[in-house]
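K.L.:
fold the stuff below for me.
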Amino acid sequence: MTRVLAGPFATMIFGDMGADVIKIEHPSFGDDTRSWGPPNMGSESVYFLSVNRNKRSVAIDIKHPTAVSLLHEIIGKSDVLIENFLPGKLDSLGFGYETLKELNPGLVYCSITGFGSDGPLSHRAGYDVVASAMGGLMHITGPEGGDPCKVGVAVTDICTGLFAHGAIFAALLQKQKTGFGQKIDCDLLSTQVAVLSHIAANYLNCNLEGKRRGTSHPTIVPYQAFKDKNGKFLVVGAGNNWQFKKLCKRLGRSELASDVRFENNQSRVKNSVELTSILSNELAKRTCDEWLELFDGGDFPYGPVNNMQETFSNPQVLHNNMIMEMYHPALGSTVKAPGPPVRYSSKESNSLAAAPPVLGQHTREVLCELADCSDDDVNNLIAKKIVYDQKLS
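P.N.:
You can find the predicted model right below:
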């Protein structure tokens, strides 16, 4: 019972792993992201297609008493329910945890909210950009001395989905031992605060305020993007003295490694302006491709700042099978998306690739299978506009 990104991203991971994921949607318009276009492929939003593979869509009006009874039947046979409604909304409709655990004591119930299930801001709707702003991420993202920037993808949403996914697995493992499920609360703001990592620790322990630094790093120098001869960006770093020596040698500036200003990371951080200026001048003498060839085999981090075309033609990305292709019967064509990033030794794993469903594609199938409905029952529900069923030709 999720929509937009955090919940759908979490449930997509379960679908990739082979779980039977049933997506409950409003019968008139479905998940909000179905209308988030362009771009679109035919009638389908590419945004929706990106995070809803390997799911079955049931379009049903959850406010109707008949629908509540039908969904109680399905939930009673389910292992997990994931929802991202405002706190208290599902309770008022008969889908709160206290109600559902009576129907299914083993149910793992995960709520994803913007700010938490209780507290002074719990009533507010949650959006990635707001959580990233209030949670400190935007304050430390952007050019030094410039305006705060949002990250190019909704990483707070995605990280919340990852936290939810891991928490659900932990709860399922405990259920194997106890026989009982439990309620899990995840929220965007807490996720964002948690992933501030060392920036948060710097402040909490040393009262060191975070700030925007462009691509540079507050405690490792060099570790940032530099412009090449043609203005393309190349990321170069050195996490220790040995790596710095290797980098200087490849740059043809071995003497920098013995310069008292740059002899260790502490001195490099202290003299970062001088070192960055020197490295910028050196790296501007050749093209990115030339540097990549010179750096090949170098035991220090380096790589180009790629656009989408360069990313998805990268030989390692292709080798890792990171482009998933799914035939979409409603579109009559192939849909592509980034594939699962995790590999298992079992040959059966990561092999599922069912296209994202059209709205209500599996309504009849799921109601007959899990809610003891007949075809006539479903036809009656359709006539009363309680459910919507979309057949694929």
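
K.L.:
low-confidence ranges in the stretch 251-393 of the chain?
P.N.:
Scanning the stretch 251-393 of the chain with the threshold set as pLDDT under 70 gives 347-351, 393.

K.L.:
mind listing the strands for it?
P.N.:
302-304, 323-328, 333-338, 387-388 (DSSP state E, counting those that start in this stretch).

K.L.:
tell me the contacts of the spatially most central residue of the chain?
P.N.:
The residue lying closest to the centre of the chain (Cα atoms, centre = their mean) is residue 158, at 2.4 Å. The contact partners of residue 158, by Cβ atoms under 8 Å, 6 or more residues apart in numbering, come to 5-6, 9. All C-beta spots, glycine's among them, are computed from the backbone N, C-alpha and C.

K.L.:
inside helices: which ones of those?
P.N.:
Taking DSSP state H, the ones among the contacts of residue 158 that sit in helices are 6, 9.

K.L.:
closest one of the contacts of residue 158 to residue 223?
P.N.:
Closest to residue 223 out of the contacts of residue 158 is residue 9 (28.8 Å), distances taken as Cβ to Cβ.

K.L.:
name the nearest residue to the closest one, ignoring sequence neighbours.
P.N.:
residue 161 (3.6 Å; Cβ to Cβ, 6 or more residues apart in numbering).

K.L.:
so what's that neighbour scoring on pLDDT?
P.N.:
If you check residue 161, the pLDDT there is 97.

K.L.:
SS state for it?
P.N.:
Following DSSP: H, G, I helix; E, B strand; the rest coil, the label given to residue 161 is helix.

K.L.:
so it sits right up against residue 4, yeah?
P.N.:
No - counting by Cβ atoms under 8 Å, residue 161 does not reach residue 4; the two are 10.4 Å apart.

K.L.:
those two - which one has more neighbours?
P.N.:
The neighbour comparison of residue 161 against residue 4 (other Cβ atoms under 10 Å) goes to residue 161, with 27 against 21.

K.L.:
and the gap between that one and residue 305?
P.N.:
From residue 161 across to residue 305, the span is 26 Å (Cβ to Cβ, to the nearest Å).

K.L.:
next: residue 199.
P.N.:
Taken as Cβ to Cβ, the span from residue 199 to residue 305 is 22 Å.

K.L.:
between these two, who's got more neighbours?
P.N.:
Set side by side, residue 199 and residue 305 show more neighbours around residue 199, with 18 against 14, by other Cβ under 10 Å.

K.L.:
name the element that one belongs to?
P.N.:
helix 197-206 (DSSP states H and E).

K.L.:
can you name the element that comes right after that helix?
P.N.:
Heading C-terminal from helix 197-206 (DSSP H and E), you reach strand 223-227.

K.L.:
quick one: strands adjacent to that following strand?
P.N.:
strand 233-237 (antiparallel) (DSSP bridges).

K.L.:
what mean pLDDT does the strand it pairs with have?
P.N.:
pLDDT averaged over strand 233-237 gives 97.

K.L.:
in it, which residues are buried?
P.N.:
Within strand 233-237, the residues scored as buried using 16 or more other Cβ atoms under 10 Å are 234, 236-237.

K.L.:
take those and write them to a markdown table, including distance to residue 46.
P.N.:
Shown next, in a markdown table, are the buried residues of strand 233-237 (distance: Cβ to Cβ, whole Å):
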| residue | distance to residue 46 |
| --- | --- |
| 234 | 30 |
| 236 | 34 |
| 237 | 34 |
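
K.L.:
just give me the closest of the residues you listed to residue 69.
P.N.:
For the buried residues of strand 233-237, the nearest to residue 69 is residue 237 (58.7 Å; Cβ to Cβ).

K.L.:
any idea what that closest one is bridged to?
P.N.:
Residues in beta-bridge contact with residue 237 (DSSP bridges): residue 223.

K.L.:
mind checking the end-to-end distance for stretch 96-112?
P.N.:
End-to-end distance of stretch 96-112 (Cα to Cα, to the nearest Å): 13 Å.

K.L.:
and if you look at stretch 52-65?
P.N.:
The first and last residues of stretch 52-65 sit 28 Å apart, counting by Cα to Cα.

K.L.:
buried stuff in that stretch?
P.N.:
Those would be 52-62, 64, for stretch 52-65 by 16+ other Cβ under 10 Å.

K.L.:
ok, stretch 277-293 next?
P.N.:
278-279, 282-283, 286, 288, 291-292.

K.L.:
so which of those residues is the closest to residue 252?
P.N.:
Distances from residue 252 to the buried residues of stretch 277-293, taken by Cβ to Cβ, are shortest for residue 282, at 7.7 Å.

K.L.:
now the closest one: closest residue in space, sequence neighbours ignored.
P.N.:
In space, residue 282 is closest to residue 251, 5.1 Å off (Cβ to Cβ, 6+ apart).

K.L.:
how many neighbours does that neighbour have?
P.N.:
19.

K.L.:
again with residue 185
P.N.:
For residue 185, the count of nearby residues is 17 (other Cβ under 10 Å).

K.L.:
next one: residue 365
P.N.:
15.

K.L.:
and it, how far from residue 375?
P.N.:
In terms of Cβ to Cβ, residue 365 sits 11 Å off from residue 375.

K.L.:
and the strands in the stretch 1-150 of the chain?
P.N.:
22-25, 40-41, 44-45, 56-60, 80-83, 108-113.
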